[in-house]
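> Sequence and predicted structure are below.
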Amino acid sequence: MSELNHECGIAAIYHLPNPRPAPIERLPGQDQVSRLMPRILLDLQNRGQLAAGFTTYNPQRQRILDTYKQIGTVIEAFRLNHQAKYDSVMRQYAGRAAIGHVRYATCGANDLSYAQPFERPHGCKWKWFSLAFNGQLANFAQLRTKLLDLTDYHLTRETDTEIIMHYLSHELRGDERPDLVDVFRHLSQVFDGAYNIVFMNAMGDMAILRDPKGFRPMCYAQDGDLFAAASESVALLNLGFRDIRSLEPGEMILIQDGEIRRQRFAEPQSRSHCFFEWIYFANVASTLDERSVYLARAALGRELAREERRLGKVPIDQDTVVVPVPDTGKAAADAMAFELKVPSVEGLIRNRYVGRTFIDGAQRADRARLKYTPLREVLAGKRVLLVEDTIVRSTTMKSLLHEIRDRGEAREIHVRVACPPIVAPCFYGIDMSTVRELFAPRYLKGARPTEDELQAMASDLGANSLYYLPLEAVARCIGLEANHLCRACITGKYPTPTGTQLYELALLNTHGPANGRTYELINAASSARKQ
């Protein structure tokens, strides 16, 4: 799915004063553990390609905390393709602990000042801290207004990460060193939305926390003297960890004075794991909350096959092939094809060597031509069941179907979506915050699409037919209870109060004159009501 931008990814690593050295990685001293951070971030690259960075901790250094970050992919930012420059960065920022970040922007500009981690220097070591953040605060606009209402207060960026930094600073303002569990407990009563945070101060304290609803995944592991945490399990698995666990919603890992403890910082709430993590965002090799991403996507494909047989509208014969939209559609497509006993073929070849900047600079409709090449040799004259993980705005899909028909010479194209229709925005970290930008709401009058509505949508896309998975299939395929998943974008029912408020505003602005993301309009709406 090339229309939907990825989440951010966060990570942390710490060399502990443990007598048993970890067999994972042999490093020349405890202050070299920071060298592992670029390697971890490479495995989180699917969650953000705009910027990458890390903060390292070294008490023997004049700058006890020091932050390095650059625009670009992990390879670009850390100069991994230039050995001498990479070694120079690793020497300068060597440390016994580090937090790291890969960025995609759901708000804020694409420049270096928005790259994370955010460091706040201070003369008092426990007030000198750095943090990296994954998610989105739904009540960002209200929190920002509260800060700006304070006398002589100024914010330099349009991002919720800066808001979190200032609220953290406020919690640390006293003369006595506070309990970090209490600090984040207080903040949990203020923040509404998705917020996974990695935090480190100049005392060497580290905190890794997952918001009380568990919107975003957070995994951790320890082996001997090495501890690490990351947004996805695959980053820890590839480092060599085996006993990898998911942090529970509302829990934090706290490292202080060389000791680790896992502790609850927020009262238990109803869980709201983002279902999109399994369908699209996460690396297919990851396991999130004890649920395999690959197995979930394969289950979605089997559901598509059962629905295809039930519908019985497309002949399943020697002229029929299943084609995935690379890469996230492949597991579902393969499982669907296996069930239907037809070939799953790579009819679309993804160009992995087109530069990110070149792609981003193109018009959305041209991105399909840049990213995918249809194979005429396997598509010509075929009846194609094209498997996609989701359709959000439809522009890329229209262009892709045109290419398959024009250059691939497919006889028919039947689009099968391994997800229900996206009918509502996301205010918890996915780059779709208005109703007007979505494809499906223009056609749907009820909770489920009718045959006429599906045909109208197919005609608009340029497909012979279109079918979405039913809503109830999502929880079944992931293996979690429906009430443990955030499905707001496919139901219009939000798990937090601000999300509900923003959706009401988004509906009001569906046909109105206002432009911009919905959460940017909430203050304007509040002001209008007061007048």
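That came through, no problem.

> which residues in the stretch 101-250 of the chain form helices?
Counting by DSSP state H, counting those that start in this stretch, the stretch 101-250 of the chain has helices at residues 140-148, 160-171, 180-188, 233-237.

> lowest-confidence stretch among those?
Across these, helix 140-148 has the smallest mean pLDDT, namely a mean of 91.

> and it, what does it pack onto?
Judged by 3 or more C-beta pairs under 8 Å, 6 or more residues apart in numbering; DSSP states H and E, the packing partners of helix 140-148 are helix 160-171, helix 518-530. For every residue, glycine as well, the C-beta is placed using N, CA and C.

> and the gap between Ser433 and Asp327?
Using C-beta to C-beta, to the nearest Å, one obtains 25 Å as the distance from Ser433 to Asp327.

> and these two? which has more neighbours close in?
Between Ser433 and Asp327, Ser433 has the larger neighbour count (other C-beta atoms under 10 Å), namely 20 against 14.

> if I've got this straight, Arg39 is in a helix?
Yes - judged by DSSP: H, G, I helix; E, B strand; the rest coil, Arg39 forms part of a helix.

> list the contacts for it?
Residues in contact with Arg39 (C-beta atoms under 8 Å, 6 or more residues apart in numbering) are 238-239.

> any idea how far Tyr467 is from it?
For Arg39, the distance to Tyr467 - C-beta to C-beta - is 41 Å.

> can you check Glu403 too?
In terms of C-beta to C-beta, Glu403 sits 21 Å off from Tyr467.

> Now Ala51: phi and psi?
Per-residue torsions, Ala51: phi -160, psi 160 (degrees, to the nearest 10).

> OK, contacts around it?
When contacts are counted by C-beta under 8 Å, 6+ apart, Ala51 touches 69-72, 77, 101-103, 110, 112, 114-116.

> Among the residues you listed, name the buried ones.
Among those, those classed as buried by 16 or more other C-beta atoms under 10 Å are 69-72, 77, 101-103, 114-116.

> for the residues you listed, which one is nearest Ser231?
Closest to Ser231 out of the buried ones among the contacts of Ala51 is Val102 (8.8 Å), distances taken as C-beta to C-beta.

> Next up, the contacts around that closest one.
Contacts of Val102 by C-beta under 8 Å, 6+ apart are 8-9, 41, 44-45, 47-49, 51-52, 74.

> make it 6 Å
Contacts for Val102 (C-beta atoms under 6 Å, 6 or more residues apart in numbering) come out as 9, 41, 44, 47-48, 52.

> which stretches of the stretch 351-500 of the chain have low pLDDT?
Residues of the stretch 351-500 of the chain meeting the criterion pLDDT under 70: 354-367.

> mind listing the strands for it?
Ranges of strands in the stretch 351-500 of the chain, per DSSP state E, counting those that start in this stretch, are 372-374, 383-388, 412-417, 465-468, 485-486.

> Parallel or antiparallel, which strands does the last one pair with?
In this case it means strand 485-486. Paired neighbours of strand 485-486 in the sheet (DSSP bridges): strand 273-274 (parallel).

> ditto for the third one
Neighbouring strands of strand 412-417 in its sheet, by DSSP bridges, are strand 383-388 (parallel), strand 465-468 (parallel).

> Comparing these, which comes out most buried?
Of those, the one with the most neighbours on average (mean count of other C-beta atoms under 10 Å) is strand 383-388, at a mean of 26.

> Using pLDDT, spot the least trustworthy of the contacts of Ala51.
Ranked by pLDDT, the contacts of Ala51 bottom out at Asn110 (67).

> just to revisit the earlier point, among the contacts of Val102, name the buried ones.
By 16+ other C-beta under 10 Å, the contacts of Val102 give 9, 41, 44, 47-48, 52 as buried.

> which of the residues you listed lies closest to Asp334?
Arg47 (23.6 Å).

> who's in contact with the residue nearest to the closest one when sequence neighbours are not counted?
Closest residue in space to Arg47, ignoring its immediate chain neighbours: Gly9 at 3.6 Å, by C-beta to C-beta, 6 or more residues apart in numbering. Counting by C-beta under 6 Å, 6+ apart, Gly9 touches 44, 47-48, 102, 231.

> hmm, 10 Å instead?
For Gly9, the contact set (C-beta atoms under 10 Å, 6 or more residues apart in numbering) comprises 40-41, 43-48, 52, 74, 100-104, 132, 134, 196, 216, 230-232, 235, 281, 283.

> what number of residues lie near the residue lying closest to Asn351 once chain neighbours are set aside?
Of all residues not flanking Asn351 in the chain, Lys371 sits nearest, at 5.8 Å (C-beta to C-beta, 6+ apart). Applying other C-beta under 10 Å, we find 21 residues neighbouring Lys371.
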